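Novice: Okay, here's the prediction I keep looking at, along with the sequence it came from:
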Amino acid sequence: MKCLILAAGYATRLYPLTENFPKPLLKVGEKTILDWLVDDIDTLKAVDEYIVISNHRFVRFFEDWAKTKPQRITVADDGTETNDTRLGAVIDMRFAIEEYALDDDLLVIAGDNVLDFSLTAFLRYAQEKRASCVMRYYEADENRLKKCGVARLGENDLLLSLEEKPAVPKSHWCTPPFYFYTRADAKKIPLAVKDGCGTDAPGSLVAWMCKHGTVYSMEMPGKRYDIGSLQSYDEVQRTYRGIHS
């Protein structure tokens with residue numbers, strides 16, 4: 001299995017903190033956000049390569065970070081240099097698949113979130129389902145729902161649909177940016193783009209996939225900390241206590 005880490009954004013809402021530095025390498029406690037994610041995933045020994053997709057502006061920071069890690073980490077440069085010219089998450093995924101001729105199951109994660117539970121639970125869930133999978137969490141606040149990918153579910157965790165930033169949310173289930181795609185479904189990503197799939201938000205690909213195959217949704221066993229603003233970063237710094245065993 002390969003792990004694609006989406007890290008090509010510019011985090012403009014965190015300026016000036018991230019004006020000249022990538023958000024995934026900000027410290028939360030004693031480790032960077034990426035350290036928390038990669039070190040946790042690696043405990044299962046199911047991923048044989050991590051591919052960090054960076055923009056051109058920040059690529060050297062990720063290359064320096066990768067040199068400090070024992071895992072096999074490849075840093076991909078998508079060539080963009082400004083927020084206005086960013087490719088979007090789904091195009092970045094297609095870029096990495098084509099650039100490195102990837103032909104494997106894919107774990108796809110955003111590189112700017114921390115979790116208080118182990119992602120290995122999600123990988124085990126996907127292995128049991130033998131299908132593409134996402135996670136979900138309950139969101140009571142309708143205003144927040146309108147800024148998320150909102151999932152509609154069938155029996156046995158089957159994902160019926162996912163809508164990014166809906167004007168009228170159809171459920172209270174939000175989908176965070178952590179995805180597992182089987183090898184067969186990963187091969188469909190270029191087709192999804194060609195077919196008109198949304199390309200900015202990674203959840204747009206899930207919305208396409210559940211119309212063209214089987215996708216399951218696992219309820220998150222803990223909390224996700226989305227670092228989207230200076231205020232939320234300060235809060236995470238104060239409250240995050242690591243991954244629960």
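Specialist: Thanks, I have it. Numbers count the residues shown, from 1 in each chain.

Novice: okay, CA-based contacts and neighbour counts for the rest of this
Specialist: Noted.

Novice: Give me the distance between the two termini of stretch 102-109.
Specialist: Separation of the first and last residues of stretch 102-109 by Cα to Cα, to the nearest Å is 16 Å.

Novice: quick one: residue 149 from residue 132, how far?
Specialist: Using Cα to Cα, one obtains 17 Å as the distance from residue 149 to residue 132.

Novice: same check, this time on residue 57
Specialist: To residue 132, residue 57 is 32 Å away according to Cα to Cα.

Novice: Phi, psi for residue 71 please.
Specialist: Backbone torsions of residue 71, given as degrees, to the nearest 10, read phi -70, psi 160.

Novice: Around it, how many other residues sit close by?
Specialist: Residue 71 has 15 neighbouring residues, counting by other Cα atoms under 10 Å.

Novice: hang on, isn't it packed against residue 49?
Specialist: Yes: taking Cα atoms under 8 Å as the definition, residue 71 is a contact partner of residue 49 at 7.3 Å.

Novice: where along the protein do the strands fall?
Specialist: Counting by DSSP state E, one finds strands in the chain at the ranges 2-7, 27-28, 31-32, 49-54, 73-77, 106-110, 113-115, 132-138, 149-153, 159-164, 173-174, 178-181, 215-219, 224-226.

Novice: tell me which residues in the fifth one are buried?
Specialist: Burial within strand 73-77, assessed by neighbour count using 16 or more other Cα atoms under 10 Å, is assigned to 73-77.

Novice: just stretch 165-176 next, same as before
Specialist: 165, 169, 171-176.

Novice: Which two among those are spaced furthest apart?
Specialist: Within the buried residues of stretch 165-176, 169 and 176 form the most distant pair, 15.5 Å apart (Cα to Cα).

Novice: Provide a list of residue ranges in the chain with pLDDT below threshold.
Specialist: The chain contains residues with pLDDT under 70 at 245.

Novice: all helices of it, in order?
Specialist: 33-41, 59-66, 89-99, 120-129, 142-145, 183-186, 189-194, 203-209, 230-239 (DSSP state H).

Novice: Ok, which of these comes nearest residue 22?
Specialist: helix 59-66 (7.6 Å).

Novice: what's that closest one in contact with?
Specialist: Taking Cα atoms under 8 Å, 6 or more residues apart in numbering as the criterion, the residues outside helix 59-66 that touch it are 21-22, 25, 52, 54, 73-77.

Novice: try stretch 121-141
Specialist: Outside stretch 121-141, the residues within contact range by Cα under 8 Å, 6+ apart are 145, 151, 172-176, 178-182, 185, 214-220.

Novice: Mind giving me the ChimeraX command for buried ones among those?
Specialist: Applying 16+ other Cα under 10 Å to the contacts of stretch 121-141 leaves a buried subset, and the ChimeraX line that selects it is:
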select :145,151,172,173,174,175,176,178,179,180,181,182,185,215,216,217,218,220
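
Novice: correct me, but residue 8 touches residue 57?
Specialist: No: using Cα under 8 Å, residue 8 is not in contact with residue 57; the gap is 9.1 Å.

Novice: ok, these two, which is more surrounded?
Specialist: In this view residue 8 and residue 57 are compared by other Cα under 10 Å, and residue 8 has more residues nearby, 31 against 18.

Novice: Now that one: closest residue in space that isn't a chain neighbour?
Specialist: On the basis of Cα to Cα, 6 or more residues apart in numbering, the spatially nearest residue to residue 8 that is not a chain neighbour turns out to be residue 54, at 4.1 Å.

Novice: Right, I'll leave it there.
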